[in-house]
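Peer 1: just coords:
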DNA sequence: GATGAATGAGCCTTCATTCAT
DNA sequence: GATGAATGAAGGCTCATTCAT
């Protein structure tokens, strides 16, 4: 699985060695800075942390938004990759939950991931949605496996699975520093995902919908 | 439901009629603008939408942050009030779920509520935390009733309840325009909240934790 | 000697009792505030300290500049008055020096007086220069007396006397908190003023010019 | 007289040619504008006079206060340098008085110098006080030489010397356009500085204190 | 006549982006 | 291809002054 960041556009000149290094370092640093300081962090700060002139940032990413997008894409790609790995290394019974835990435990990225996806939703660039599509395929596989194994309710589909993941990130972000509460909150989501039929019908909340 | 905008500070002189009108309008507009455009929206934009000079905004709220806080407090107060009403008008079996639905259905506020609580967590002003405390009491009552009625798992406490609400807002925000997925996602959370014992122990996701 | 602040313009309506009180209080407060905080102090701050609405300030003084000018005029008038008193109560040998000391010792006003005169120089309003003229007459009398008494060099005239006073204020302001240095600096000026002939000729600083 | 604008900080990279030009021009213009319009002059005005965008000002001086300080430091440094030159080129009998005349004759700087020292007193930044210290050493040398030569009263020390210089600037500023008065006023100060013993004792202004 | 809310011009500062070196 | 200086459009906030109560 190559971590090649060169955009796979045909005809794109291969970058010079230092240029490729700079681009990689920039993405690394940008992710760290945006995660730590929020999307509002200045491009200059990123350039400084990367030991690079400001103009170099703009040579690689013509716009701040483009940089944000590239960071997001990289995240999605990484997640997809880890998802694939889990699907391969773990049985279908556990893989989906393992993936959830993996995402939710990425403490520094928690917030960032949520924010990233949210922004992605707003700003659907082609590239982004391509990376999103790849992640979607992975999630499809994981979900399908779990449902076949009977550990996840059958009425679930991928869109809401993503949303649940995002929402749970937010939820845990909100419980930072309260591990007991976080543990219980995660249990709520986990149990909600488990195999049971429907309950989707009607707002009537009486009685348990998992038979 | 009083729409009384007078701040409940004891020694504060009652505002002049026009001033009170402006203050109210500003809060209204600010909530709308911040909700639509995010926290980064400019104070000038708010002033313009409120048909008011920029200085008027700063007369009422000495700082942009203060304005944000006031908007947030108003939201929390409104929610607390609606929670109280539900607790009074609805049986304990339904009240908590009704409150959830009520919050989650407030389409324009969805995003805003989440952001608000998040910001509140960061910026715990006295006023904010007071309003938050009031809401907390309401949630305590609702949760307690639901647990006594046996419709919500007994191991839940208020902190995670709030977080779950916030996270679910985010989740639905992410599913805007996909009503079917949203319905299913809500079902997941609802079922996760239902009465069952524990499941908090260990990461073992095999088998259902609701006996 | 009345401290009547009513402008002596013929045909001016006599102010209502409270209005006169407000005007007086405003001048008092304005002098204090401008002295303490500098000319940049806001009119609102002055209004607040005077327990008066902001509009009241502008009713009495149509402009911030007008208020500054009024404060300055009051200062000049007060100084002229004290100068007259000294001329009457003290012998010509001491009166001028006593006046100097009196001015220089007005600790809180030191700075203010200098600044005031400077601003006055820039902004020569009719009123200001009238008050300045009155003070000039007093100085003329004091200087004349001292020269006749032979305690001040004969080549001095009023313009430079004023300037020396202003400059000495500044000088002492700069030595605030260093009483020993201030004492010596005042001695320098005092000795420079004493009776001696000329020294005005040429820049040749060799030898003492006081024979 | 080096007009080297490079800050003498060790590890600071040498500025690019155009940057150095702009920095120098900015200092020049800022001194002129602040002198003419007072410290309240807007940074935009300075930028405009320097044919530079506003952001360029803030690139070179991160704060308006920093710009003011830089202007002040430059002044102090220039004065110290000229003082040193005078001490070297002129005999001790004349050097101090020559320095006084030099400062007092710098027409455009007159006011500025006073204001600068005053502000320096208020805002003792490290850099400022360093430049002030350098100037202090020069004054010490000049004063010492003059006292040894017997042309200045022995009881004078540097602090009051500075203050006298500042005050005299103010004095002359006040006599702008009245050269005859200015000449006489300068004579007063000069004679006050001349060799004589004490007179510091007591407020008794009778009789000449120079024996 | 007093009050204080409203106003808009202006100030300092930041930031994404372009240009000369 | 990299660098960092320059740019100007905002943004938050203040203040003298006007207007409605």
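Peer 2: Noted; the coordinates are in hand. Values in this document were obtained by computation on a predicted structure and should not be read as measured data.
Peer 1: The closest residue to chain D within chain A: which element?
Peer 2: Nearest residue of chain A to chain D (C-beta to the nearest C-beta) works out as residue A:44 at 11.0 Å. Placement of C-beta: from N, CA and C, glycine included. In this structure, residue A:44 sits in helix A:43-49 according to DSSP states H and E.
Peer 1: Next, the distance between the ends of stretch A:165-184.
Peer 2: 16 Å (C-alpha to C-alpha, to the nearest Å).
Peer 1: Now the helix holding residue A:44: buried residues?
Peer 2: By neighbour count on 16 or more other C-beta atoms under 10 Å in any protein chain shown, the buried set for helix A:43-49 is A:43, A:46, A:47, A:49.
Peer 1: do it and DNA strand F meet at all?
Peer 2: No. Counting by C-beta under 7 Å from any atom of the strand, DNA strand F has no neighbours in helix A:43-49; the shortest distance is 7.7 Å.
Peer 1: Following that helix in sequence, what is the next regular element?
Peer 2: Next element after helix A:43-49 (DSSP H and E): helix A:54-60.
Peer 1: Give me the contacts around that next one.
Peer 2: Helix A:54-60 has contacts (C-beta atoms under 8 Å, 6 or more residues apart in numbering or on different chains) with A:19, A:22, A:23, A:26, A:43, A:44, A:46, A:47, A:50, A:67.
Peer 1: when you check DNA strand E, which of the residues you listed turn up near it?
Peer 2: Counting by C-beta under 7 Å from any atom of the strand, the members of the contacts of helix A:54-60 near DNA strand E are A:43, A:44.
Peer 1: Residue C:138: which of the contacts of helix A:54-60 is nearest?
Peer 2: In terms of C-beta to C-beta, no member of the contacts of helix A:54-60 lies closer to residue C:138 than residue A:44, at 62.5 Å.
Peer 1: Distance check, the closest one against residue B:39.
Peer 2: 22 Å (C-beta to C-beta, to the nearest Å).
Peer 1: before we move on, back to that, let's have the buried residues of helix A:43-49 in a markdown table, adding distance to chain C and pLDDT.
Peer 2: Listed next are the buried residues of helix A:43-49 as a markdown table, based on distance: C-beta to the nearest C-beta, whole Å; pLDDT from 0 to 100:
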| residue | distance to chain C | pLDDT |
| --- | --- | --- |
| A:43 | 37 | 96 |
| A:46 | 39 | 96 |
| A:47 | 39 | 96 |
| A:49 | 40 | 95 |
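Peer 1: got a markdown table for those, with distance to residue B:90 too?
Peer 2: Below are those laid out as a markdown table (distance: C-beta to C-beta, whole Å):
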| residue | distance to residue B:90 |
| --- | --- |
| A:43 | 52 |
| A:46 | 51 |
| A:47 | 56 |
| A:49 | 53 |
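Peer 1: three-state assignment of residue A:150?
Peer 2: coil (DSSP: H, G, I helix; E, B strand; the rest coil).
Peer 1: From DNA strand E, how far out is it?
Peer 2: Separation of residue A:150 from DNA strand E (C-beta to the nearest atom of the strand, to the nearest Å): 49 Å.
Peer 1: Could you do residue A:30 as well?
Peer 2: Counting by C-beta to the nearest atom of the strand - residue A:30 and DNA strand E are separated by 11 Å.
Peer 1: That residue contacts residue A:71, correct?
Peer 2: Yes. Residue A:30 is in contact with residue A:71 according to C-beta atoms under 8 Å; the separation is 5.1 Å.
Peer 1: Residue A:51 - how many residues pack around it?
Peer 2: Using other C-beta atoms under 10 Å in any protein chain shown, residue A:51 has 10 neighbouring residues.
Peer 1: Residue A:136 now?
Peer 2: The burial count for residue A:136: 17, using other C-beta under 10 Å.
Peer 1: any idea how far it lies from DNA strand E?
Peer 2: Counting by C-beta to the nearest atom of the strand - residue A:136 and DNA strand E are separated by 29 Å.
Peer 1: Skip the chain neighbours and tell me the closest residue to that residue.
Peer 2: residue A:158 (5.8 Å; C-beta to C-beta, 6 or more residues apart in numbering or on different chains).
Peer 1: pLDDT value on the one you found, please?
Peer 2: pLDDT, residue A:158: 92.
Peer 1: ok, it - contacts?
Peer 2: Applying C-beta under 8 Å, 6+ apart, the residues contacting residue A:158 are A:136, A:139, A:140, A:143.
Peer 1: Which member of the contacts of helix A:54-60 is positioned nearest residue C:79?
Peer 2: residue A:44 (56.1 Å).
Peer 1: Contacts only, for that closest one.
Peer 2: Contacts of residue A:44 by C-beta under 8 Å, 6+ apart are residue A:54.
Peer 1: Walk me through the domains of chain A.
Peer 2: Annotated domains of chain A cover A:17-62, A:69-193 [automatic domain parsing].
Peer 1: looking at those, which has the lowest confidence?
Peer 2: domain A:69-193 (a mean of 85).
Peer 1: Ends of that one, what's the gap?
Peer 2: So domain A:69-193: terminal residues 31 Å apart, C-alpha to C-alpha.
Peer 1: isn't residue A:155 right up against residue B:185?
Peer 2: No. Checked against C-beta under 8 Å, the pair residue A:155 and residue B:185 is beyond contact range at 10.7 Å.
Peer 1: quick revisit: and among the domains of chain A, the most buried is which?
Peer 2: For these, the largest average neighbour count (mean count of other C-beta atoms under 10 Å in any protein chain shown) is found in domain A:69-193, namely a mean of 19.
Peer 1: How far does that domain sit from its chain's centre?
Peer 2: 6 Å (C-alpha atoms, centre = their mean, to the nearest Å).
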